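Asker: Okay, here's the prediction I keep looking at, along with the sequence it came from:
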Amino acid sequence: MKINISRFLYFLIYLEKISTISLDYALYSQLSKELKDDMDTNDVLPSSVLNYFKLTKDSLKEFDSYLYFAENDRIRLKNLSQEMFSFGYDNYMNHAYPMDELDPIHCCGRGPDHLRPDNINVNDALGDYLLTLVDSLTTLVVMGNSSEFKQASKLVIENLNFDKNSTVQVFEATIRVMGSLLSSHLITIDPNQPFGDMKISNYNNEFLNLAHDLAVRLISAFNNDYNIFPYPRINLKMGIPTNSFNHTCTSGAGSLILEFGTLSYLLNDPIYEKVARTVSEAIFLKKHPTTGLVGNELNIKTGNWQGLMSGLGAGIDSYLEYLLKGFVLFGNKKDLYMFNEIKKSVKRYLRHGRNECLRGKGHHPIYINVNMNSGNTANNWIDSLQAFYSGVQVLDNDLDEAICFHALYFAIWKKFSVLPERYNWNLKLPDVYFYPLRPEFAEATYFLYRATKSPFYLNVAKLIIENLNDITRVKCGFATVHDVLDKSLEDRMESFFLSETIKYLYLTFDKENYLNNEGEAEYVFTTEGHMLPIKKLNQIKFKQENQDKNYRFSHESNENVFSHKLRYSLPMKISYFEQLFDMIGLSDNLTDLLVRKKF
């Protein structure tokens, strides 16, 4: 790159006068290029750059800071994420174990709400089965804490029992409990021990046996006399509840293939993969013949759509995720075909905005909720669960779209310092105000950093972890944000905070971690953040199916995805960031928003 030294010096002097900060040439170069492209001119002066982008001292400093990340800051935040995990985990063990969750404000445990069986917000996940301890096992592995992993494993093996009168959601029990047990089993028996010494003394497949025990109970949900779709909930002791709902969400029924498939290969028993795959394929066949979209809720007796909303958030999210990850883990090309077909419909009907994410004119792309039959707008909100999708786009090598999708949630996070459960993009206000420490935005930030190596995403992760530490830390852990506007808290720390949110933040800052080096292309993360080894499961699969042993699953490594220039510039044009910030209402005064909320 040729640098006009005289112009560069003039620019620095000019900036010193107007802003009293030093601006790196990389940012000036990016700004100049954007202006030249927009104005179709080669004659660009520093004053033109500043005036065109309406940059102030603060905004210049902010954008400039995104271009760098100090090594000592990376180490500090890696240590902070480890300390935050230990703080939450230790308090759970001291005040809540053996109950499922920790109430971090009152420093006590929480289990199923047996007095209110209809309280599915609690009972869907909590089954009186050591939930937070089980869900945290793989985070202990990722952080290299072998001594605590062995101690926790001993407690799980000796005390976990599924013969409980608890009615749980099949999906939640599968991803949180079975997924962790299967991952822990595979890590324990791995002869290479890449995460450190995680071998358990006298281990005799106890994790696998516990996963099998749970699966035997959960599979009774598929005993549906009316249709092939499973009941959404199961009583661990008695089977299908007498008062069971007759509807299930798409993601709940169709996102079991990673865990059920892994169990089938480890047991050499095809039934678990078969039931999961049959439902996944049946949902695909029920997509609308014209739009190609699926809805968010099915009637399990009629097999018809009961919820007609199609989107990327709650009710559908992990169905799309598991179609792609099922292909990556097991090599089943039908999974990839189904993913690509639905992805095309998603882009056609849900995506609104300029055609190309990182170039051209038009408003910032956004994926909205639509009616599956017509493709017409269904409502004016997006939810926080959708933030996961940019991580899937990275895995799909759709990096430009991933950058834009992530930027939308970055702007919302900047506005509230956390993510509201639902955000109304028309009113620029939350529709649902709480934030239960969800991991999806941190997860997407991690995968985008791994794909681009851009320091921008390290800065985003820094924002996330410092906001979480400042806002949600309480006496005995980290609490759910009840209202993202006034930052009031609820007394609950869900298990996914330790199993996913903190894990992904830690991995973002731990550049030496095995998963960020030799193991980067060797594992798939489940939707609960548990690691499953691609090569190991493919070897088992090939042996059972007598496939060609020379077969190699072909997928592009993330090493080939990113453009090197992203390391030295912002992932999007500054004008696009400014446009996005305006679209989200980032400059709106939160005091005014609180007043508007009352009305």
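Answerer: Thanks, I have the structure now.
Asker: can we go C-alpha only for contacts and neighbour counts from here?
Answerer: Fine.
Asker: Okay, strands next: where are they in the stretch 151-300 of the chain?
Answerer: When assigned using DSSP state E, counting those that start in this stretch, the strands of the stretch 151-300 of the chain occupy the ranges 167-169, 233-235, 247-249, 297-299.
Asker: could those be laid out in TSV, adding mean neighbour count?
Answerer: Output for the strands of the stretch 151-300 of the chain, formatted as TSV (neighbours: other C-alpha atoms under 10 Å):
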stretch	mean neighbour count
strand 167-169	24
strand 233-235	25
strand 247-249	22
strand 297-299	21
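Asker: May I see those strands organised as a markdown table, with distance to Lys453 added?
Answerer: Putting the strands of the stretch 151-300 of the chain into a markdown table (distance: least, C-alpha to C-alpha, whole Å) gives the following:
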| stretch | distance to Lys453 |
| --- | --- |
| strand 167-169 | 38 |
| strand 233-235 | 42 |
| strand 247-249 | 36 |
| strand 297-299 | 38 |
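Asker: Would you tell me which of the ones you listed gets closest to Tyr389?
Answerer: Taking C-alpha to C-alpha as the measure, the strands of the stretch 151-300 of the chain were each checked against Tyr389, and strand 247-249 came out nearest at 18.0 Å.
Asker: List the strands paired with the closest one, with their directions.
Answerer: According to DSSP bridges, strand 247-249 forms sheet pairs with strand 297-299 (antiparallel).
Asker: List the contacts of the partner strand.
Answerer: With contact meaning C-alpha atoms under 8 Å, 6 or more residues apart in numbering, strand 297-299 is reached by Asn246, His247, Thr248, Cys249, Thr250, Asn304, Trp305, Gln306, Gly307, Leu308, Gly315.
Asker: Report the lowest-confidence entry in these.
Answerer: In terms of pLDDT, the weakest of these is Asn246, which scores 89.
Asker: Quick check: which of the strands of the stretch 151-300 of the chain is nearest to Leu140?
Answerer: When the strands of the stretch 151-300 of the chain are compared by C-alpha to C-alpha, strand 167-169 sits nearest Leu140, at 25.4 Å.
Asker: Please name every helix or strand in contact with that closest one.
Answerer: helix 120-123, strand 233-235 (3 or more C-alpha pairs under 8 Å, 6 or more residues apart in numbering; DSSP states H and E).
Asker: Can you flag the weakest of these by average pLDDT?
Answerer: That would be helix 120-123, which, of all the helices and strands packed on strand 167-169, carries the lowest mean pLDDT at a mean of 92.
Asker: Output the contacting helices and strands for that helix.
Answerer: strand 167-169.
Asker: Relative to the whole chain's centre, how far out is the strand it packs on?
Answerer: Here strand 167-169 is found 23 Å from its chain centre; the criterion is C-alpha atoms, centre = their mean, to the nearest Å.
Asker: Show me what it pairs with in its sheet, parallel or antiparallel.
Answerer: Here the strand partners of strand 167-169, with direction, are listed using DSSP bridges: strand 233-235 (antiparallel).
Asker: what comes into contact with the strand it pairs with?
Answerer: When contacts are defined by C-alpha under 8 Å, 6+ apart, strand 233-235 is touched by residues 124, 164-170, 217-218, 220-221, 240-241, 244.
Asker: which residues in the stretch 51-200 of the chain form helices?
Answerer: Ranges of helices within the stretch 51-200 of the chain are 57-65, 71-95, 120-123, 131-142, 146-159, 170-172, 179-189, based on DSSP state H, counting those that start in this stretch.
Asker: export the helices and strands packed on strand 167-169 to a markdown table and tack on distance to Ile412?
Answerer: As requested, the helices and strands packed on strand 167-169 are arranged in a markdown table below (distance: least, C-alpha to C-alpha, whole Å):
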| stretch | distance to Ile412 |
| --- | --- |
| helix 120-123 | 25 |
| strand 233-235 | 33 |
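Asker: wait, which of these is closest to Phe69?
Answerer: Each of the helices and strands packed on strand 167-169 has some distance to Phe69 by C-alpha to C-alpha; the shortest is helix 120-123, at 39.4 Å.
Asker: May I have that closest one as PDB, with CA atoms only?
Answerer: What follows is the C-alpha trace of helix 120-123 in PDB, where atoms were taken according to Å, rounded to 0.1, in the frame of the first residue of the first chain:
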ATOM      1  CA  ILE A 120     -42.800 -25.000  32.400                       C
ATOM      2  CA  ASN A 121     -40.400 -22.100  32.600                       C
ATOM      3  CA  VAL A 122     -38.800 -23.900  35.400                       C
ATOM      4  CA  ASN A 123     -39.900 -27.500  35.000                       C
END
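Asker: ok so, going back, and Ala211, which of the helices and strands packed on strand 167-169 is closest to it?
Answerer: Proximity to Ala211 (C-alpha to C-alpha) singles out strand 233-235 among the helices and strands packed on strand 167-169, at 15.6 Å.
Asker: Buried subset of the contacts of strand 297-299, written for PyMOL?
Answerer: In PyMOL, this line selects whichever of those come out buried by 16 or more other C-alpha atoms under 10 Å:
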select buried, resi 247+248+249+250+305+306+307+308+315
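Asker: quick check, nearest of the contacts of strand 297-299 to Ile75?
Answerer: Comparing those against Ile75 with C-alpha to C-alpha places Gly315 closest, at 37.6 Å.
Asker: all strands for the stretch 451-599 of the chain, in order.
Answerer: Along the stretch 451-599 of the chain, the stretches classed as strands by DSSP E, counting those that start in this stretch are 473-474, 477-478, 480-481, 489-490, 523-525, 531-533.
Asker: Which stretch among those strands approaches Tyr504 most closely?
Answerer: Proximity to Tyr504, assessed across the strands of the stretch 451-599 of the chain by C-alpha to C-alpha, is greatest for strand 523-525 (10.5 Å).
Asker: partners of that closest one, with directions?
Answerer: Partners of strand 523-525 in the sheet, by DSSP bridges, are strand 531-533 (antiparallel).
Asker: Give me the residues contacting the partner strand.
Answerer: By C-alpha under 8 Å, 6+ apart, the list of residues contacting strand 531-533 from outside reads Thr138, Ser183, Leu186, Leu329, Glu522, Tyr523, Val524, Phe525, Thr526.
Asker: one step back: check the helices of the stretch 51-200 of the chain for me: which has the lowest mean pLDDT.
Answerer: Among the helices of the stretch 51-200 of the chain, helix 57-65 has the lowest mean pLDDT, at a mean of 76.
Asker: tell me what that helix is packed against?
Answerer: Under the contact criterion of 3+ C-alpha pairs under 8 Å, 6+ apart, the helices and strands touching helix 57-65 comprise an empty set.
Asker: Of all the residues in it, which ones are buried?
Answerer: Within helix 57-65, the residues that qualify as buried by neighbour count (16+ other C-alpha under 10 Å) are Leu60, Phe63, Asp64, Ser65.
Asker: that older thread, okay, the contacts of strand 297-299 in TSV with distance to Met372 next?
Answerer: Listed next are those as TSV, based on distance: C-alpha to C-alpha, whole Å:
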residue	distance to Met372
Asn246	21
His247	17
Thr248	17
Cys249	14
Thr250	13
Asn304	13
Trp305	10
Gln306	11
Gly307	9
Leu308	6
Gly315	13
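Asker: out of the contacts of strand 297-299, who's nearest Val142?
Answerer: The shortest distance between Val142 and any of those, using C-alpha to C-alpha, involves Gly315 and amounts to 29.1 Å.
Asker: pretty sure that closest one belongs to a helix, no?
Answerer: No. Counting by DSSP: H, G, I helix; E, B strand; the rest coil, Gly315 is not part of a helix but coil.
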